[in-house]
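A.B. asks: just the structure for this:
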Amino acid sequence: MCLAVPGRVLDIGEKDGTRMATVDFGGVQKEVCLEYLPDLQVGEYAIVHVGFALQRLDEESAKQTLELFAQLGMLQEEFGDPWEQAAQAGGGDWPFGDTPAGRPAGGTPQEEVRK
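C.D. replies: Okay, the predicted model is just below:
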């Protein structure tokens, strides 16, 4: 699934002649194109879809939406590591030596729910 997610603009610059921003989506930062919202400023929120800021959003609405997405697990689905997600879907452990943030070592999410 591909969501339109609210994010807060952290900084603005130009890349190859295109106005770009670093945007924070509840702890995940991504590079976003601002060409559709040329007057968007640092500190403001916008709805972002497939790397493009599409609409300005007030802070309260943005925070409520991010909180709801997080509760539903949609932020992890949208921004999570696809390799970790595939391992989880297959019921296996994370196959690498490091443990991803928020994931206990040696167990699958399904095992954690059963405890």
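
A.B. asks: tally of neighbours for residue 16?
C.D. replies: 5 (other C-beta atoms under 10 Å). Placement of C-beta: from N, CA and C, glycine included.

A.B. asks: pLDDT score assigned to it?
C.D. replies: Looking at residue 16, its pLDDT stands at 94.

A.B. asks: return the residues in contact with it.
C.D. replies: Residues in contact with residue 16 (C-beta atoms under 8 Å, 6 or more residues apart in numbering): none are found.

A.B. asks: phi, psi of it?
C.D. replies: phi 50, psi 40 (degrees, to the nearest 10).

A.B. asks: pLDDT on the longest helix along the chain, on average?
C.D. replies: Longest helix in the chain, counting residues (DSSP state H): helix 59-72. Predicted confidence along helix 59-72 averages 86 (mean pLDDT).

A.B. asks: what is that helix packed up against?
C.D. replies: Using 3 or more C-beta pairs under 8 Å, 6 or more residues apart in numbering; DSSP states H and E as the contact test, the elements touching helix 59-72 are strand 5-15, strand 45-49, helix 74-79.

A.B. asks: can you tell me which of these has the worst average pLDDT?
C.D. replies: helix 74-79 (a mean of 64).

A.B. asks: circling back: how about the helices and strands packed on helix 59-72 in JSON lines, adding mean neighbour count?
C.D. replies: Below are those laid out as JSON lines (neighbours: other C-beta atoms under 10 Å):
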{"stretch": "strand 5-15", "mean neighbour count": "16"}
{"stretch": "strand 45-49", "mean neighbour count": "21"}
{"stretch": "helix 74-79", "mean neighbour count": "16"}
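
A.B. asks: with that, I have no additional questions.
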